[in-house]
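**Student:** Have a look at this prediction, sequence included:
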Amino acid sequence: MTEAARPRTARPEPPPLDVDALIDDVATRVVVCCGSGGVGKTTTAAALALRAAERGRRTVVITVDPARRLAQAMGLDRLDHTPRPVTSREDAEGSSGRGELHAMMLDMKRTFDEIVEEHADPERARRILANPFYRSLSTGFSGTQEYMAMEKLGQLRRSEAWDLIVVDTPPSRSALDFLDAPKRLGRFLDGGLVRFLTAPKGNGVLRFLGAGFDVVGSVIGRITGPGFLNDLRSFVSAFDAVFGGFQERAERTYRSLRGPDTAFLVVAAPEPDPLREASFFIERLRRDSMSPAGLVLNRTHPLPAGPAAELSAQEALEAAESLEGTGEHPLAAAALRLHAERVRARERELLLRDRTLAAHPGIRTVEVADRAEAVHDLNGLRGIGASLAGAAPETEG
Amino acid sequence: MNEREDGPHDGGPEEAFAGARLHIVTGKGGTGKTTVATALALALATDGGRVLLVEVEGRQGVASLLESDPLPHEEREALSAPGGGSVSVLAADAEAALLEYLDLFYGMRRAGRALTGLGAVDFATSIAPGLRDVLLTGKITEAVQRREGGRRRPPGSGTGRHHYDAVVLDAPPTGRIGSFLNVHSEVAGLATTGPVHDQAERAMKVVRSDRTRVHFVTTPEEMPVQETREGIAEIEASGLRVGAVIVNMVGPTLLDAADLSATAAAGPDVDAITEGLKAAGLDDPALLSEGLASELRTYALRHLLELRLLGELRETGRPLLTLSRLESGAPRSALSGLARRLTEQGARR
């Protein structure tokens, strides 16, 4: 218990993440915010983009499925498929220099439709857009959204209209999906099964595989009904002729993420699952020689500075119990009980954090303290931006 | 706060749980959905029940919760409930479900392997996510309908007692739950006839049955509560039955109503706290009380917000169950604590 009794033991603090240095650096052109669902990625991305804009960069933030409130906070009744200027209601005359903020929401179906329309002649495009497989593919969650987020990122980057693009990644099952799903989709569209199913009988691949085809083809036919295979065949032939290199396209975008102008911010909440995901992600980024700029530990519960930080949970509880025994000072007793709970929660948080950091020594970290209310306006986002830049948590009292 | 003292609801918590055979647990990411689903499985298994807990997201969330090795696509007894009950866990996997399905219905294990080798799983998950969901819901449907006696047969056969008293599904999060449960329309455009179509129909019958409930897990925070209210409306509109709302990580009640609003409005009476700290013999009471006062005010603001959000959730008319923040400690004992709290609030078979 001695360990728990001293919240301020000499715990090595991780190297701080300097967000301002990152977003001020003109060499930083893309910041990708990633992490598991529910950790506050969207808000972090928006806060970071706003801060960058107010520090003078022409910034666009691509969000995926933001809460309506957040869209409203950015002065947009709705976020749609094209970047919209975010007008700050408070200082409409504009802030420092030429910085500006645009925001858009990823519409994966429209992004996909546009690629098709851009590359196919009208008749073929019409056929593709009407195919039931295309409809399933372009609205299905698994892979398409990630692919289209990458695609949109590529488009915005090529447009040269922005100094900085901040990307909020889709709410995947796992943070790694953002990196893996596009390749999986590309691989599938270019891949063996599709060719196998759709190749005309008698070509080399089929001869090579011999009787295997009939078995597999008939299995699929029997399971799904014959219409399925026909739709798939017509979809793939129409699609294939248009793209050919779907996979190559995915890989090109993926490669561009390795560039020195792209930074990944890994966002996590101080809970076991998000931190585990964050850990996987950092490992993966390093393995693929991408650069994890740092870890944002979101919604933490730091103790107030001063002597309160030195009062252990046990001391606080004992004091609360002694007061409750006398029946006097109920307010102080409540404050002491609350403090004990907060010290315990903080201990647990730091334990989880340090376990993650031990696996990734040197990763830069910044803590953003939890706030009671969701962000309602640009000021709320500014507050989070300030915390991201290392400002001490403001006290609400 | 005990929710049962809040007066009658549309349907009490008993109606939300008792008699249901499939409990679908959804919630926004980060609300503790897996923890609550596991605790609910334990609560439903209490006193001799046999419950299956299924996860379908491939995250191995249950394994990480139990701090165990990754779970296979295989039903395994993993937890024992008070009074002789047991919870088996299945980490359902679309690929394994497909092989099992081919073997079961067609005796085509080898062809199935060939299919997998060719990327049939990429196929199912990438081009037609609906198919992946059909495989998973099909697996769940089978477990819900399985009866004692004889080998697993296509659903509907057998008249013995159900193998499981209840199946709890750790379902996809609120944002995806609609399409996950609506497997029929997801595949309708793709497979218009044939066994996949039939299986989707069978799964829909179970999902839409009056013995299936969709429960929502939320925390008392604005965004999850908003999503929960929208999710309930969506599920109800699609004709499925919403069970209970389980509010996770509810903070403690430390102040009475009068102190709470006063503290939230103007901060607590710092002098009164200082006097108390002096009386308790703590060092540096004046400075210490400032820190504690700021903690107390933050708490009061948050607690008021929690109460308001609980009120909003109550307006949905669904029974509300609450769980307090998970204390650190051995995960299994924490889980039985949560399960007990759910049982006390009416989560019974």
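**Tutor:** Happy to help now that I have it. Just so it is clear, the structure is predicted and the values come from calculations on it, not from any experiment. Residues are numbered from 1 along each chain as shown, chains lettered A, B, ... in the order given.

**Student:** residues contacting residue B:68?
**Tutor:** residue B:78 (CB atoms under 8 Å, 6 or more residues apart in numbering or on different chains). All C-beta spots, glycine's among them, are computed from the backbone N, C-alpha and C.

**Student:** Which helix or which strand is home to it?
**Tutor:** Assigned by DSSP states H and E, residue B:68 belongs to no helix or strand.

**Student:** can you check residue B:62 too?
**Tutor:** Assignment of secondary structure by DSSP H and E places residue B:62 within helix B:61-66.

**Student:** That helix - what's its average pLDDT?
**Tutor:** Here helix B:61-66 scores 87 as its mean pLDDT.

**Student:** Residues contacting it from elsewhere in the structure, which ones?
**Tutor:** Helix B:61-66 is contacted by residues A:272-273, A:276, B:34-35, B:38, B:53, B:55, B:69-71, B:78-79, B:89, B:91, B:170, B:331-332, B:335 when judged by CB under 8 Å, 6+ apart.

**Student:** Can you show me the strands along the chain?
**Tutor:** This is for chain A. Taking DSSP state E as the test, the strands found in chain A are A:30-34, A:58-63, A:84-85, A:100-105, A:164-168, A:262-268, A:292-300, A:365-369.

**Student:** wait, chain B
**Tutor:** For chain B, applying DSSP E gives strands covering B:22-27, B:50-55, B:76-81, B:85-91, B:166-170, B:212-218, B:242-250, B:320-324.

**Student:** just to revisit the earlier point, would you mark the buried spots in the helix holding residue B:62?
**Tutor:** B:61, B:62, B:63, B:65, B:66 (16 or more other CB atoms under 10 Å in any protein chain shown).

**Student:** what do you get for stretch B:284-301?
**Tutor:** B:285, B:288-301.

**Student:** coming back round to it: now list the buried members of the contacts of helix B:61-66.
**Tutor:** A:272-273, A:276, B:34-35, B:38, B:53, B:55, B:71, B:78-79, B:89, B:91, B:170, B:331, B:335.

**Student:** Next, count neighbours for residue 254.
**Tutor:** Went with chain A since none was named. Counted with other CB atoms under 10 Å in any protein chain shown, residues neighbouring residue A:254 total 17.

**Student:** Chain B was what I was after
**Tutor:** The tally of other residues near residue B:254 (other CB under 10 Å) stands at 21.

**Student:** Find the residue ranges of the stretch 201-349 of chain B scoring beneath the pLDDT cut-off.
**Tutor:** Applying pLDDT under 70 to the stretch 201-349 of chain B flags the ranges B:326-331.

**Student:** now the helices for it?
**Tutor:** B:222-237, B:257-266, B:270-279, B:285-314, B:331-344 (DSSP state H, counting those that start in this stretch).

**Student:** And residue B:8, what's its pLDDT?
**Tutor:** Note on residue B:8: pLDDT of 36.

**Student:** ok, residue A:113 - contacts?
**Tutor:** By CB under 8 Å, 6+ apart, the contact set of residue A:113 is A:129, A:138.

**Student:** What's the nearest residue in the stretch 101-250 of chain B when you look at chain A?
**Tutor:** residue B:194 (3.2 Å; CB to the nearest CB).

**Student:** where do the helices sit along the stretch 151-300 of chain A?
**Tutor:** Counting by DSSP H, counting those that start in this stretch, the stretch 151-300 of chain A has helices at residues A:177-190, A:192-198, A:204-209, A:212-224, A:226-243, A:246-256, A:272-287.

**Student:** looking at those helices, which one has the lowest mean pLDDT?
**Tutor:** Out of the helices of the stretch 151-300 of chain A, helix A:204-209 stands lowest, with a mean of 42 (criterion: mean pLDDT).

**Student:** circling back: now for the buried ones among the contacts of helix B:61-66: which two are most distant?
**Tutor:** Maximum pairwise distance among the buried ones among the contacts of helix B:61-66 (CB to CB): 21.1 Å, between A:276 and B:79.

**Student:** Looking at the buried residues of stretch B:284-301, which one is closest to chain A?
**Tutor:** Nearest to chain A out of those is residue B:291 (CB to the nearest CB; 2.6 Å).

**Student:** okay but the closest one is in contact with residue A:310, surely?
**Tutor:** No - taking contacts as CB atoms under 8 Å, residue B:291 lies outside contact range of residue A:310: 9.3 Å.

**Student:** Tell me the bridge partners for residue B:169.
**Tutor:** Listed beta-bridge partners, residue B:169: residue B:24, residue B:54 (assigned using DSSP bridges).

**Student:** check contacts around it.
**Tutor:** B:22, B:23, B:24, B:25, B:37, B:54, B:55, B:56, B:140.

**Student:** Please report the distance of it from residue B:141.
**Tutor:** Remark: distance between residue B:169 and residue B:141 (CB to CB, to the nearest Å) = 11 Å.

**Student:** again, but for residue B:300
**Tutor:** With CB to CB as the criterion, residue B:300 and residue B:141 are 48 Å apart.

**Student:** Also residue B:225?
**Tutor:** For residue B:225, the distance to residue B:141 (CB to CB) stands at 31 Å.

**Student:** try residue A:353
**Tutor:** Residue A:353 sits 42 Å away from residue B:141, going by CB to CB.

**Student:** So which of the two has more stuff around it?
**Tutor:** When neighbours are counted by other CB under 10 Å, residue A:353 and residue B:141 differ, and residue B:141 comes out ahead with 24 against 20.

**Student:** Does the more buried one touch residue B:202 like I think?
**Tutor:** Yes - in terms of CB under 8 Å, residue B:141 counts as a neighbour of residue B:202; the distance is 5.9 Å.

**Student:** give me the low-pLDDT residue ranges for the stretch 251-397 of chain A?
**Tutor:** Applying pLDDT under 70 to the stretch 251-397 of chain A flags the ranges A:393-397.

**Student:** what's the burial count for the nearest residue to residue B:338 once chain neighbours are set aside?
**Tutor:** Spatial nearest neighbour of residue B:338, chain neighbours left out: residue B:39 (3.8 Å); criterion: CB to CB, 6 or more residues apart in numbering or on different chains. Neighbour count for residue B:39, taken as other CB under 10 Å: 29.

**Student:** separation between residue B:39 and chain A?
**Tutor:** 16 Å (CB to the nearest CB, to the nearest Å).

**Student:** Name all residues that make contact with the nearest residue to residue B:244 once chain neighbours are set aside.
**Tutor:** Using CB to CB, 6+ apart and skipping the chain neighbours, the partner closest in space to residue B:244 is residue B:16 (4.0 Å). By CB under 8 Å, 6+ apart, the residues touching residue B:16 are B:213, B:215, B:243, B:244, B:318, B:319, B:346, B:347.
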